[in-house]
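Visitor: have a look; sequence and predicted model below, questions after that.
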Amino acid sequence: MKKILLSGGGTGGHIYPALSIVQAVRRRFPDVEVAYIGTKNGLEATIVPKAGDIRFFDVEIQGFKRKLSLDNVQTVAKFLKAVRDCKEAIRSFEPEVVVGTGGYVSGPTLYAAAKMNVPTFILEPDVLPGLTTRFLTRYVDTVAVSLSGSEQYLTKAKRLIHTGNPRGTEAVQADAVKGRASLGLEGSDKPIVLIAGGSRGAKPINEAVLAMLPRMREFKELHFVFVTGEVHYDEVTAKLNNEPMDNLTVQPFIYNMPDVLAATSLMVGRSGASFLAELTALGIPSILVPSPYVTNNHQEMNARWLEEQGAGRMILERELTGNTLWTAIEAIMKDPESHHHMSEASKRLGRPDAAEVIVDELVRVSS
Ligand SMILES: CC(=O)N[C@H]1[C@@H](OP(=O)(O)OP(=O)(O)OC[C@H]2O[C@@H](n3ccc(=O)[nH]c3=O)[C@H](O)[C@@H]2O)O[C@H](CO)[C@@H](O)[C@@H]1O
(Lines give C-alpha, C1' and ligand atoms only; values in the text may rest on other atoms or scores of the structure.)
Protein backbone atom coordinates (compact mmCIF):
# COMPACT_ATOMS: atom_id res chain seq x y z
CA MET A 1 0.00 0.00 0.00
CA LYS A 2 1.43 3.39 -1.01
CA LYS A 3 -1.16 6.03 -0.10
CA ILE A 4 -3.94 6.07 2.44
CA LEU A 5 -6.31 8.88 3.40
CA LEU A 6 -8.14 8.97 6.72
CA SER A 7 -10.85 11.09 8.23
CA GLY A 8 -12.57 11.22 11.57
CA GLY A 9 -12.87 13.72 14.32
CA GLY A 10 -14.65 15.96 16.64
CA THR A 11 -13.63 13.95 19.71
CA GLY A 12 -10.67 11.73 20.60
CA GLY A 13 -12.96 8.73 20.28
CA HIS A 14 -12.88 9.17 16.52
CA ILE A 15 -9.33 10.42 16.04
CA TYR A 16 -7.29 7.96 18.08
CA PRO A 17 -8.62 4.87 16.29
CA ALA A 18 -7.63 6.50 12.99
CA LEU A 19 -4.10 7.07 14.28
CA SER A 20 -3.89 3.48 15.52
CA ILE A 21 -4.79 2.36 11.99
CA VAL A 22 -2.00 4.61 10.65
CA GLN A 23 0.51 2.95 12.99
CA ALA A 24 -0.56 -0.54 11.96
CA VAL A 25 -0.45 0.31 8.24
CA ARG A 26 3.03 1.81 8.69
CA ARG A 27 4.25 -1.30 10.48
CA ARG A 28 3.29 -3.37 7.46
CA PHE A 29 4.05 -0.80 4.73
CA PRO A 30 6.83 1.44 6.10
CA ASP A 31 6.86 3.73 3.05
CA VAL A 32 3.15 4.43 2.95
CA GLU A 33 2.14 8.09 2.55
CA VAL A 34 -0.63 9.23 4.86
CA ALA A 35 -3.11 12.10 4.61
CA TYR A 36 -5.95 13.18 6.87
CA ILE A 37 -9.06 15.25 6.30
CA GLY A 38 -10.37 17.10 9.35
CA THR A 39 -11.66 20.46 10.49
CA LYS A 40 -9.46 23.35 11.55
CA ASN A 41 -11.22 23.74 14.88
CA GLY A 42 -11.73 20.09 15.84
CA LEU A 43 -9.46 18.20 18.24
CA GLU A 44 -7.96 16.47 15.18
CA ALA A 45 -6.17 19.68 14.17
CA THR A 46 -4.12 19.44 17.38
CA ILE A 47 -3.76 15.67 17.73
CA VAL A 48 -3.05 14.57 14.15
CA PRO A 49 0.07 16.74 13.61
CA LYS A 50 1.59 15.24 16.78
CA ALA A 51 1.45 11.80 15.13
CA GLY A 52 4.07 12.99 12.62
CA ASP A 53 4.34 12.96 8.83
CA ILE A 54 0.65 13.16 7.99
CA ARG A 55 -0.54 15.61 5.35
CA PHE A 56 -3.52 17.47 6.80
CA PHE A 57 -6.33 18.81 4.60
CA ASP A 58 -8.84 20.96 6.43
CA VAL A 59 -12.45 21.28 5.35
CA GLU A 60 -15.26 23.27 6.85
CA ILE A 61 -18.14 21.08 7.94
CA GLN A 62 -20.72 20.89 10.68
CA GLY A 63 -22.92 18.08 11.97
CA PHE A 64 -26.54 17.59 10.95
CA LYS A 65 -29.14 18.61 13.50
CA ARG A 66 -31.64 15.91 14.29
CA LYS A 67 -34.57 18.27 13.92
CA LEU A 68 -35.55 19.82 10.60
CA SER A 69 -34.74 23.53 10.70
CA LEU A 70 -33.37 26.40 8.69
CA ASP A 71 -30.01 25.54 10.19
CA ASN A 72 -30.15 22.24 8.39
CA VAL A 73 -30.56 23.89 5.02
CA GLN A 74 -27.30 25.69 5.68
CA THR A 75 -25.78 22.45 6.91
CA VAL A 76 -26.70 20.69 3.68
CA ALA A 77 -25.16 23.52 1.66
CA LYS A 78 -22.01 23.26 3.80
CA PHE A 79 -22.02 19.50 3.37
CA LEU A 80 -22.09 19.81 -0.41
CA LYS A 81 -19.31 22.39 -0.31
CA ALA A 82 -17.30 20.06 1.97
CA VAL A 83 -17.86 17.18 -0.48
CA ARG A 84 -16.39 19.35 -3.24
CA ASP A 85 -13.39 20.23 -1.05
CA CYS A 86 -12.88 16.57 -0.17
CA LYS A 87 -13.03 15.58 -3.84
CA GLU A 88 -10.31 18.12 -4.54
CA ALA A 89 -8.15 16.73 -1.73
CA ILE A 90 -8.72 13.18 -2.97
CA ARG A 91 -7.83 14.18 -6.53
CA SER A 92 -4.63 15.84 -5.39
CA PHE A 93 -3.52 13.06 -3.00
CA GLU A 94 -4.77 10.05 -5.02
CA PRO A 95 -5.20 7.57 -2.15
CA GLU A 96 -5.71 3.85 -2.82
CA VAL A 97 -8.19 3.65 0.01
CA VAL A 98 -10.13 6.11 2.18
CA VAL A 99 -10.82 5.28 5.80
CA GLY A 100 -13.41 6.86 8.11
CA THR A 101 -13.60 6.45 11.85
CA GLY A 102 -16.78 8.37 12.55
CA GLY A 103 -17.74 11.84 13.65
CA TYR A 104 -19.31 14.24 11.18
CA VAL A 105 -15.96 15.12 9.60
CA SER A 106 -15.77 11.72 7.95
CA GLY A 107 -19.20 12.12 6.28
CA PRO A 108 -18.23 14.26 3.26
CA THR A 109 -14.82 12.58 2.93
CA LEU A 110 -16.17 9.07 2.57
CA TYR A 111 -19.14 10.17 0.51
CA ALA A 112 -16.82 11.98 -1.91
CA ALA A 113 -14.49 8.98 -2.14
CA ALA A 114 -17.36 6.57 -2.82
CA LYS A 115 -18.70 8.85 -5.56
CA MET A 116 -15.21 8.90 -7.12
CA ASN A 117 -15.02 5.10 -6.96
CA VAL A 118 -12.08 5.13 -4.58
CA PRO A 119 -12.23 2.08 -2.24
CA THR A 120 -13.74 3.00 1.13
CA PHE A 121 -13.78 1.57 4.63
CA ILE A 122 -15.47 2.82 7.80
CA LEU A 123 -15.13 1.76 11.38
CA GLU A 124 -18.01 2.14 13.83
CA PRO A 125 -16.64 2.35 17.36
CA ASP A 126 -19.91 2.19 19.36
CA VAL A 127 -22.62 -0.43 19.90
CA LEU A 128 -25.16 2.10 18.63
CA PRO A 129 -23.87 3.50 15.32
CA GLY A 130 -23.66 7.28 14.95
CA LEU A 131 -25.52 9.33 12.36
CA THR A 132 -22.48 9.54 10.08
CA THR A 133 -22.00 5.78 9.97
CA ARG A 134 -25.68 5.21 9.28
CA PHE A 135 -25.59 7.73 6.46
CA LEU A 136 -22.43 6.28 4.93
CA THR A 137 -23.28 2.59 5.29
CA ARG A 138 -24.86 2.14 1.90
CA TYR A 139 -22.08 3.98 0.04
CA VAL A 140 -18.90 2.43 1.40
CA ASP A 141 -17.27 -0.87 0.47
CA THR A 142 -16.74 -2.18 4.01
CA VAL A 143 -18.27 -1.33 7.36
CA ALA A 144 -16.29 -2.66 10.32
CA VAL A 145 -17.90 -2.87 13.74
CA SER A 146 -16.05 -2.82 17.03
CA LEU A 147 -18.56 -4.15 19.55
CA SER A 148 -21.05 -6.95 19.01
CA GLY A 149 -24.63 -5.71 18.77
CA SER A 150 -24.11 -3.05 16.08
CA GLU A 151 -25.02 -5.29 13.12
CA GLN A 152 -28.79 -4.86 13.53
CA TYR A 153 -28.47 -1.14 12.76
CA LEU A 154 -26.31 -1.58 9.70
CA THR A 155 -28.28 -3.96 7.51
CA LYS A 156 -27.68 -1.85 4.38
CA ALA A 157 -23.93 -2.48 4.43
CA LYS A 158 -22.46 -4.07 1.30
CA ARG A 159 -19.99 -5.89 3.50
CA LEU A 160 -19.89 -5.92 7.29
CA ILE A 161 -17.04 -7.35 9.35
CA HIS A 162 -16.13 -7.53 13.05
CA THR A 163 -12.74 -6.12 13.80
CA GLY A 164 -12.74 -4.57 17.26
CA ASN A 165 -11.27 -1.10 17.79
CA PRO A 166 -7.60 -0.60 16.77
CA ARG A 167 -6.88 1.30 19.99
CA GLY A 168 -6.88 -2.15 21.59
CA THR A 169 -3.89 -3.17 19.50
CA GLU A 170 -2.01 -0.05 20.47
CA ALA A 171 -2.79 -0.63 24.12
CA VAL A 172 -1.31 -4.13 24.20
CA GLN A 173 1.89 -2.84 22.63
CA ALA A 174 2.27 -0.16 25.29
CA ASP A 175 4.93 -0.10 27.96
CA ALA A 176 3.87 -0.10 31.62
CA VAL A 177 7.37 0.82 32.83
CA LYS A 178 7.36 3.93 30.64
CA GLY A 179 3.83 4.67 31.82
CA ARG A 180 4.90 4.66 35.47
CA ALA A 181 8.03 6.67 34.71
CA SER A 182 6.00 9.35 32.93
CA LEU A 183 4.01 9.80 36.12
CA GLY A 184 7.15 10.03 38.22
CA LEU A 185 6.37 6.64 39.79
CA GLU A 186 9.42 4.67 38.74
CA GLY A 187 10.41 2.23 41.44
CA SER A 188 6.90 2.14 42.93
CA ASP A 189 4.77 -0.95 42.50
CA LYS A 190 1.62 0.45 44.10
CA PRO A 191 -1.50 -0.43 42.10
CA ILE A 192 -2.66 2.56 40.07
CA VAL A 193 -6.29 3.69 39.97
CA LEU A 194 -6.76 5.92 36.93
CA ILE A 195 -9.64 8.36 36.93
CA ALA A 196 -10.39 10.13 33.66
CA GLY A 197 -13.55 11.33 31.93
CA GLY A 198 -13.58 11.07 28.11
CA SER A 199 -10.98 12.89 26.07
CA ARG A 200 -12.27 16.21 27.44
CA GLY A 201 -12.70 15.27 31.09
CA ALA A 202 -16.02 15.12 32.95
CA LYS A 203 -17.06 17.62 35.59
CA PRO A 204 -19.39 15.28 37.53
CA ILE A 205 -16.61 12.71 37.84
CA ASN A 206 -14.19 15.44 38.94
CA GLU A 207 -16.65 16.55 41.62
CA ALA A 208 -17.12 13.01 42.92
CA VAL A 209 -13.34 12.67 43.16
CA LEU A 210 -12.99 15.95 45.07
CA ALA A 211 -15.66 14.68 47.48
CA MET A 212 -13.75 11.48 48.24
CA LEU A 213 -10.27 12.97 48.63
CA PRO A 214 -9.95 12.31 52.37
CA ARG A 215 -10.65 8.62 51.84
CA MET A 216 -8.27 8.43 48.91
CA ARG A 217 -5.55 9.93 51.10
CA GLU A 218 -6.04 7.18 53.69
CA PHE A 219 -5.87 4.35 51.14
CA LYS A 220 -2.08 4.62 50.98
CA GLU A 221 -1.57 1.25 49.27
CA LEU A 222 -2.99 2.76 46.08
CA HIS A 223 -1.76 5.52 43.82
CA PHE A 224 -4.47 7.63 42.17
CA VAL A 225 -3.97 9.28 38.81
CA PHE A 226 -6.63 11.90 38.25
CA VAL A 227 -7.01 13.32 34.73
CA THR A 228 -9.25 16.35 34.93
CA GLY A 229 -9.62 17.33 31.25
CA GLU A 230 -7.87 20.49 29.98
CA VAL A 231 -10.78 22.84 30.62
CA HIS A 232 -11.33 21.74 34.21
CA TYR A 233 -7.70 21.55 35.31
CA ASP A 234 -7.27 25.01 36.86
CA GLU A 235 -10.51 24.77 38.80
CA VAL A 236 -9.66 21.33 40.19
CA THR A 237 -6.08 22.20 41.14
CA ALA A 238 -7.28 25.39 42.83
CA LYS A 239 -9.51 23.23 45.02
CA LEU A 240 -6.68 20.76 45.69
CA ASN A 241 -4.03 23.27 46.64
CA ASN A 242 -4.68 23.20 50.37
CA GLU A 243 -4.64 19.42 50.45
CA PRO A 244 -1.43 18.05 48.91
CA MET A 245 -1.38 14.25 48.74
CA ASP A 246 1.50 11.79 48.23
CA ASN A 247 -0.63 9.16 46.56
CA LEU A 248 -2.25 11.42 43.98
CA THR A 249 -1.08 12.70 40.61
CA VAL A 250 -3.28 15.27 38.86
CA GLN A 251 -2.93 16.01 35.15
CA PRO A 252 -5.03 17.93 32.62
CA PHE A 253 -4.58 15.34 29.84
CA ILE A 254 -2.31 12.35 29.26
CA TYR A 255 -0.65 12.12 25.86
CA ASN A 256 0.81 8.64 26.40
CA MET A 257 -2.44 7.08 27.60
CA PRO A 258 -1.70 3.53 26.34
CA ASP A 259 1.51 3.39 28.44
CA VAL A 260 -0.30 4.75 31.49
CA LEU A 261 -3.17 2.29 31.01
CA ALA A 262 -0.70 -0.57 30.75
CA ALA A 263 0.36 0.30 34.31
CA THR A 264 -3.22 0.71 35.58
CA SER A 265 -5.12 -1.72 37.84
CA LEU A 266 -8.53 -0.04 37.81
CA MET A 267 -10.02 2.63 35.60
CA VAL A 268 -12.82 5.02 36.53
CA GLY A 269 -14.24 6.93 33.59
CA ARG A 270 -16.81 7.50 30.88
CA SER A 271 -17.69 4.66 28.54
CA GLY A 272 -16.48 6.02 25.22
CA ALA A 273 -15.59 3.34 22.72
CA SER A 274 -11.83 3.86 22.52
CA PHE A 275 -11.40 3.65 26.26
CA LEU A 276 -13.43 0.43 26.31
CA ALA A 277 -11.25 -1.07 23.59
CA GLU A 278 -8.10 -0.17 25.50
CA LEU A 279 -9.40 -1.46 28.83
CA THR A 280 -10.56 -4.79 27.42
CA ALA A 281 -7.43 -5.38 25.35
CA LEU A 282 -5.39 -4.99 28.55
CA GLY A 283 -7.90 -6.78 30.81
CA ILE A 284 -8.42 -3.79 33.12
CA PRO A 285 -11.55 -3.76 35.31
CA SER A 286 -13.51 -0.54 35.20
CA ILE A 287 -16.10 1.61 36.92
CA LEU A 288 -18.00 3.40 34.18
CA VAL A 289 -20.13 6.51 34.44
CA PRO A 290 -21.71 6.81 30.99
CA SER A 291 -22.06 10.35 29.71
CA PRO A 292 -25.79 11.07 29.43
CA TYR A 293 -25.05 13.95 27.05
CA VAL A 294 -24.24 11.86 23.99
CA THR A 295 -26.45 10.98 21.04
CA ASN A 296 -29.07 8.36 21.89
CA ASN A 297 -27.38 7.68 25.19
CA HIS A 298 -24.96 5.36 23.37
CA GLN A 299 -22.43 5.36 26.23
CA GLU A 300 -24.93 3.64 28.50
CA MET A 301 -25.25 0.87 25.90
CA ASN A 302 -21.47 0.56 25.80
CA ALA A 303 -21.24 0.43 29.61
CA ARG A 304 -24.09 -2.07 29.98
CA TRP A 305 -22.44 -4.31 27.43
CA LEU A 306 -19.29 -4.36 29.59
CA GLU A 307 -21.14 -4.76 32.88
CA GLU A 308 -23.23 -7.65 31.56
CA GLN A 309 -20.03 -9.55 30.82
CA GLY A 310 -18.72 -8.96 34.36
CA ALA A 311 -15.87 -6.74 33.16
CA GLY A 312 -16.97 -3.54 34.82
CA ARG A 313 -19.42 -1.74 37.07
CA MET A 314 -21.72 0.96 35.81
CA ILE A 315 -22.74 3.97 37.91
CA LEU A 316 -25.31 6.23 36.27
CA GLU A 317 -24.40 9.90 36.49
CA ARG A 318 -27.51 10.69 38.53
CA GLU A 319 -26.32 8.14 41.12
CA LEU A 320 -22.74 9.37 41.13
CA THR A 321 -21.44 10.83 44.39
CA GLY A 322 -18.17 10.64 46.28
CA ASN A 323 -19.79 7.87 48.33
CA THR A 324 -21.09 5.65 45.53
CA LEU A 325 -17.83 5.96 43.65
CA TRP A 326 -15.69 5.24 46.68
CA THR A 327 -17.79 2.19 47.62
CA ALA A 328 -17.33 0.80 44.11
CA ILE A 329 -13.55 1.43 44.15
CA GLU A 330 -13.14 -0.24 47.54
CA ALA A 331 -15.28 -3.23 46.55
CA ILE A 332 -12.86 -3.98 43.73
CA MET A 333 -9.51 -2.89 45.16
CA LYS A 334 -9.99 -4.49 48.57
CA ASP A 335 -11.10 -7.81 47.09
CA PRO A 336 -8.33 -9.35 44.96
CA GLU A 337 -10.58 -12.21 43.84
CA SER A 338 -13.23 -9.88 42.50
CA HIS A 339 -10.52 -7.81 40.81
CA HIS A 340 -9.13 -10.95 39.22
CA HIS A 341 -12.53 -12.10 37.89
CA MET A 342 -13.30 -8.70 36.44
CA SER A 343 -9.89 -8.51 34.88
CA GLU A 344 -10.34 -11.93 33.21
CA ALA A 345 -13.82 -10.97 31.98
CA SER A 346 -12.45 -7.72 30.60
CA LYS A 347 -9.68 -9.54 28.75
CA ARG A 348 -12.14 -11.97 27.17
CA LEU A 349 -13.87 -9.01 25.48
CA GLY A 350 -10.66 -7.49 24.16
CA ARG A 351 -9.57 -7.54 20.53
CA PRO A 352 -5.81 -7.02 20.64
CA ASP A 353 -5.62 -8.04 16.97
CA ALA A 354 -8.08 -5.36 15.76
CA ALA A 355 -5.59 -3.14 13.91
CA GLU A 356 -4.08 -6.10 12.03
CA VAL A 357 -7.50 -7.35 10.95
CA ILE A 358 -8.30 -3.84 9.72
CA VAL A 359 -5.07 -3.62 7.70
CA ASP A 360 -5.91 -7.00 6.09
CA GLU A 361 -9.27 -5.58 5.07
CA LEU A 362 -7.75 -2.34 3.71
CA VAL A 363 -5.42 -4.40 1.56
CA ARG A 364 -8.41 -6.43 0.36
CA VAL A 365 -10.62 -3.47 -0.57
CA SER A 366 -7.85 -1.55 -2.28
CA SER A 367 -6.61 -4.38 -4.50
C1 LIG B 1 -18.44 12.77 24.77
C2 LIG B 1 -18.52 11.95 23.54
O3 LIG B 1 -19.18 12.29 22.57
N4 LIG B 1 -17.81 10.81 23.58
C5 LIG B 1 -17.79 9.92 22.45
C6 LIG B 1 -16.45 10.00 21.80
O7 LIG B 1 -15.48 9.56 22.71
P8 LIG B 1 -14.40 10.35 23.57
O9 LIG B 1 -13.42 10.94 22.69
O10 LIG B 1 -15.00 11.27 24.56
O11 LIG B 1 -13.94 9.14 24.44
P12 LIG B 1 -13.31 7.72 24.17
O13 LIG B 1 -13.35 7.08 25.47
O14 LIG B 1 -13.89 6.93 23.07
O15 LIG B 1 -11.83 8.05 23.74
C16 LIG B 1 -10.99 8.78 24.48
C17 LIG B 1 -9.66 8.52 23.87
O18 LIG B 1 -8.83 9.55 24.30
C19 LIG B 1 -7.71 9.00 24.96
N20 LIG B 1 -7.34 9.89 26.04
C21 LIG B 1 -8.25 10.33 26.93
C22 LIG B 1 -7.88 11.13 27.98
C23 LIG B 1 -6.53 11.51 28.08
O24 LIG B 1 -6.10 12.23 28.99
N25 LIG B 1 -5.65 11.06 27.17
C26 LIG B 1 -6.02 10.27 26.13
O27 LIG B 1 -5.18 9.89 25.32
C28 LIG B 1 -8.15 7.65 25.47
O29 LIG B 1 -7.05 6.81 25.67
C30 LIG B 1 -9.07 7.21 24.36
O31 LIG B 1 -8.35 6.59 23.32
O32 LIG B 1 -16.42 9.11 20.68
C33 LIG B 1 -16.61 7.74 21.01
C34 LIG B 1 -16.55 6.96 19.74
O35 LIG B 1 -17.64 7.26 18.93
C36 LIG B 1 -17.92 7.53 21.73
O37 LIG B 1 -17.99 6.20 22.19
C38 LIG B 1 -18.01 8.48 22.91
O39 LIG B 1 -19.24 8.37 23.53
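Guide: All right, it came through fine. Predicted, not measured: the structure shown is a model, and the values here were computed from it. Residues are numbered from 1 along each chain as shown.
Visitor: what's in contact with stretch 163-179?
Guide: 16-17, 20-21, 23-24, 123, 125, 144-147, 186, 256, 258-264, 273-274, 276-278, 280-282, 350-358, 361 (CB atoms under 8 Å, 6 or more residues apart in numbering). In this view, the C-beta of every residue, glycine as well, is placed from N, C-alpha and C.
Visitor: out of those, who's near the ligand?
Guide: Y16, P125, A273, S274, E278 (CB under 6 Å from any ligand atom).
Visitor: could you identify which of those has the most neighbours?
Guide: P125 (31 neighbours; other CB atoms under 10 Å).
Visitor: tell me which residues touch it, please.
Guide: P125 touches G13, H14, P17, T101, G102, S146, L147, N165, A273, S274, A277, counting by CB under 8 Å, 6+ apart.
Visitor: 7 Å - rerun?
Guide: G13, P17, G102, S146, N165, A273, S274 (CB atoms under 7 Å, 6 or more residues apart in numbering).
Visitor: just the ones in helices from the ones next to the ligand among the contacts of stretch 163-179, please.
Guide: Among these, DSSP state H puts Y16, A273, S274, E278 in helices.
Visitor: hmm, back to that, which members of the ones next to the ligand among the contacts of stretch 163-179 are the farthest-apart pair?
Guide: P125 and E278 (11.7 Å; CB to CB).
Visitor: the residue in the stretch 101-250 of the chain positioned nearest to the ligand - how many residues pack around it?
Guide: Distance from the ligand to each residue of the stretch 101-250 of the chain (CB to the nearest ligand atom) is smallest for G198, at 2.6 Å. Neighbourhood size, G198 [other CB under 10 Å]: 20.
Visitor: with V97 instead?
Guide: Around V97 there are 24 residues (other CB under 10 Å).
Visitor: and for R55?
Guide: 15.
Visitor: likewise for T46?
Guide: Neighbours of T46 under the rule other CB under 10 Å: 11.
Visitor: now the helices: where do they sit in the stretch 151-300 of the chain?
Guide: In the stretch 151-300 of the chain, the helices defined using DSSP state H, counting those that start in this stretch lie at 167-172, 176-182, 203-211, 213-218, 233-240, 257-262, 273-282, 298-308.
Visitor: okay, those in a markdown table with distance to A89 and mean pLDDT next?
Guide: A markdown table is the format used below for the helices of the stretch 151-300 of the chain (distance: least, CB to CB, whole Å; pLDDT from 0 to 100):
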| stretch | distance to A89 | mean pLDDT |
| --- | --- | --- |
| helix 167-172 | 25 | 94 |
| helix 176-182 | 35 | 97 |
| helix 203-211 | 37 | 97 |
| helix 213-218 | 48 | 95 |
| helix 233-240 | 35 | 93 |
| helix 257-262 | 29 | 96 |
| helix 273-282 | 25 | 94 |
| helix 298-308 | 29 | 94 |
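Visitor: follow-up on the earlier one: could you list every residue that touches the residue of the stretch 101-250 of the chain closest to the ligand?
Guide: Counted by CB under 7 Å, 6+ apart, G198 has contacts T11, G13, R270, G272, S291.
Visitor: could you say which of the helices of the stretch 151-300 of the chain is packed most deeply?
Guide: When the helices of the stretch 151-300 of the chain are scored by mean count of other CB atoms under 10 Å, the highest mean neighbour count falls to helix 273-282 (a mean of 28).
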